[in-house]
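Asks: I need the structure of the sequence given here:
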Amino acid sequence: MDRVAARKVRMATMLVQSTVSLAIILLMNSAAYGGKLNAEDLKKKREGWFMTGLPLLNYTTDAGTGYGLKAFLFNNGTKTQTYFASSPYFVRLSGQFFQTTRGQAYHAIQADFPFLNGSKWRLRGEMVYGAVLNANYYGIGAKAADAGLRDAKGKSYPDTASYQSFLDSGTDDASLLKYNAYQRQRYYTRWTASRDVNDWFQIILGMEYSHSALRDWRGEEFVRDDKDYVSADTRFTRDKSQLIGRNGGWLNMLILGFKLDWRDFEPNPKEGVLGEYFLELSGKALGSDFKYTKQSASIRGYYTFFNRLTVAGRLAMSYTSENAPFYEMTLITFFSGRDTVLGGNRSLRGFPEERFIGRAVTLAQVEARFFVGDTTWGTQRFGLMPVAFVDTGNVYNEFNDIFSAPRFSEYKV
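Replies: As a prediction, this is how the structure comes out:
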C-alpha cells in the first residue's frame, strides 16, 4: 500500500471511529433530553402565526450561480398547548423557487404538521419539480469509483485540470464537453404520516409518486462561452443500453420506517441523537415501472461546548436492490427528505454532485458549528453560524461488500 493510500485509510478509519464514539457518548446521555426544547430555544420561541423567508444564493461548479426565494408560514401555537415545549412548531407551510445559471431548477411546495390537531400524529408532504440540465454520470459501482477520471479510451488523468484537456479536445460539431452529463427532469409528490409511540420513538408510513424523463446529450446543440457546439457521444451514450431507467418513467413507492429522536430542537439541534431506518418498496401494484427495494439507515449525534460550539456527526448507509433505475442509487433517505449521494453540497462536499454512485453507499460526516450570535430585524430573527466539516464515503456493488471488502484505501475524503 502506498503512502497516499495509507493516509486515506487512517483518515477514513479515524473519522468513522470518532463519529461512532460521538454517537455512543451522546446515546448514553440522551435520556435526559426527552424530546423537549432546551430553555434557551423555548424562551426564544414565538407564539401564534407568522411569516418569514429568505433569499437563496449559492455557487457550485456543477450548477453555476443559483438564485431564488423560500418563504415560510408558521404556527407555533400558544404556551398553554400540551406539546408547545416539545415541537418547534405546529404548522409549517413553505414555497420555494430556485434555479441556476447552468440549468438546474428546484421548485417546491411543502407542508409539515407535527402533533396534528393535538394528536401524536405528524403529517408531512411536498410537491416538487426538479430539473438538471447537466446531471453527472461517471459510471456505476466500485470499479467506476476507483478508476478515477478516465476518458473514452480508458486513459487516466491525475486531476480535474488535466482531465479538462480531454473534455476540450473535441470539435465544434463533436464536442466532448458533455461527456459526463445527461439531462433529467423529475416531478414528484411525497407524503408521510408518523406517530409518536413515546417521547423518542416514531413509526413512519408514506407514499411517493414520481415521474422522470431523461435525455442523452448526444447530437444535441448547446452553447458554451457564446459559442455553438454539437455534443459527441457521451458516457451515458456508451452505457445506456445497460442502464435500467435510461428513459425515465413512473417510480412509485410505499415508505415504511422508524426513527429514534432524542434531539433537543429539531431545526437546529445542540444536544442529542437521531437514529433512522427506512424501507422503500416499489412495484407494479403501485403503478410503478420498476420493481425494487431500497433501505436507508443513519445515526446522528450532537454535542455543544460552551453553549456556542456544536460538534455534529452522521453515519449513513443505503442499499438499492437490483432492477432499480440507476438514478435512484444517487439518493439516500432521511426523515427530513432525500439527499443526493455521493458528492454535492449535502454529501462528500468538494466533489461534483452524484460523482460516485452504486447500489450500496456509505457516508460519514463530522461538522463543527460555531454560533456567533443572532439579532432581530423587525419581526425576523437572523443568526450567524460558520461551519467546518469533513466528509468521507464510498460506493459498493453489494451490501455485504461494505464489511467483507471495505476498500478503506479508496474512501473519498
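Asks: quick one: buried residues of stretch 382-398?
Replies: Buried positions in stretch 382-398, judged by neighbour count with 16 or more other C-beta atoms under 10 Å: V390, D391, T392, G393, N394, V395, Y396. The way it works is simple: take the backbone N, C-alpha and C, and place the C-beta from them, glycine included.
Asks: Mind checking which of those residues are in helices?
Replies: Helix and strand membership here follows DSSP state H; of the buried residues of stretch 382-398, not one is in helices.
Asks: can you list these in a markdown table and add pLDDT and distance to F97?
Replies: Listed next are those as a markdown table, based on pLDDT from 0 to 100; distance: C-beta to C-beta, whole Å:
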| residue | pLDDT | distance to F97 |
| --- | --- | --- |
| V390 | 95 | 32 |
| D391 | 95 | 28 |
| T392 | 94 | 34 |
| G393 | 94 | 31 |
| N394 | 94 | 35 |
| V395 | 94 | 33 |
| Y396 | 95 | 37 |
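Asks: confidence score at the most centrally placed residue in the chain?
Replies: Within the chain, the residue whose C-alpha comes closest to the C-alpha centroid is D339; the distance, by C-alpha atoms, centre = their mean, is 1.6 Å. pLDDT, the model's per-residue confidence, is 92 for D339.
Asks: tally of neighbours for the closest residue to Y179 other than its chain neighbours?
Replies: The shortest distance from Y179 to any residue other than its chain neighbours is 5.3 Å, reached at T234 (C-beta to C-beta, 6 or more residues apart in numbering). For T234, the count of nearby residues is 22 (other C-beta atoms under 10 Å).
Asks: got the contact list for T234?
Replies: Contacts of T234 were listed using C-beta atoms under 8 Å, 6 or more residues apart in numbering, and they are Y137, K178, Y179, N180, A181, Y182, D216, W217, R218.
Asks: for those residues, which one is nearest R224?
Replies: Sorting these by how near they are to R224, with C-beta to C-beta, puts K178 at the top with 9.3 Å.
Asks: and that closest one, how far is that from S241?
Replies: Taking C-beta to C-beta, to the nearest Å as the measure, K178 and S241 are separated by 19 Å.
Asks: neighbour-wise, which of these two wins?
Replies: Regarding K178 and S241, a neighbour count based on other C-beta under 10 Å identifies K178 as having more, with 27 against 7.
Asks: Apart from its chain neighbours, what residue comes closest to that one?
Replies: Computed as C-beta to C-beta, 6+ apart, the closest residue to K178 that is not its neighbour in sequence is W217, at 3.9 Å.
Asks: how about the one you found, what does it touch?
Replies: With contacts defined as C-beta under 8 Å, 6+ apart, the neighbours of W217 are K178, A181, Y182, Q183, S231, T234, F236.
Asks: re earlier: columns secondary structure, pLDDT and distance to L279 on top of the contacts of T234, output as a markdown table?
Replies: A markdown table is the format used below for the contacts of T234 (DSSP: H, G, I helix; E, B strand; the rest coil; pLDDT from 0 to 100; distance: C-beta to C-beta, whole Å):
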| residue | secondary structure | pLDDT | distance to L279 |
| --- | --- | --- | --- |
| Y137 | coil | 96 | 27 |
| K178 | coil | 94 | 36 |
| Y179 | coil | 95 | 36 |
| N180 | coil | 95 | 32 |
| A181 | strand | 95 | 32 |
| Y182 | strand | 96 | 29 |
| D216 | coil | 96 | 33 |
| W217 | coil | 96 | 35 |
| R218 | coil | 96 | 37 |
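Asks: pretty sure A142 belongs to a helix, no?
Replies: Yes: assessed by DSSP: H, G, I helix; E, B strand; the rest coil, A142 belongs to a helix.
Asks: Now do it against T362, distance only.
Replies: In this structure, A142 and T362 are 12 Å apart, going by C-beta to C-beta.
Asks: go on, G103?
Replies: Relative to T362, G103 is positioned 30 Å away (criterion: C-beta to C-beta).
Asks: Looking at the two now, which is surrounded by more residues?
Replies: When G103 and T362 are compared for neighbours, T362 comes out ahead with 22 against 16, by other C-beta under 10 Å.
Asks: Assign the nearest residue to the more buried one once chain neighbours are set aside to helix, strand or coil.
Replies: In space, not counting the residues next to it along the chain, T362 is nearest to M317; the distance is 4.9 Å by C-beta to C-beta, 6+ apart. Taken by three-state DSSP, the conformation at M317 corresponds to strand.
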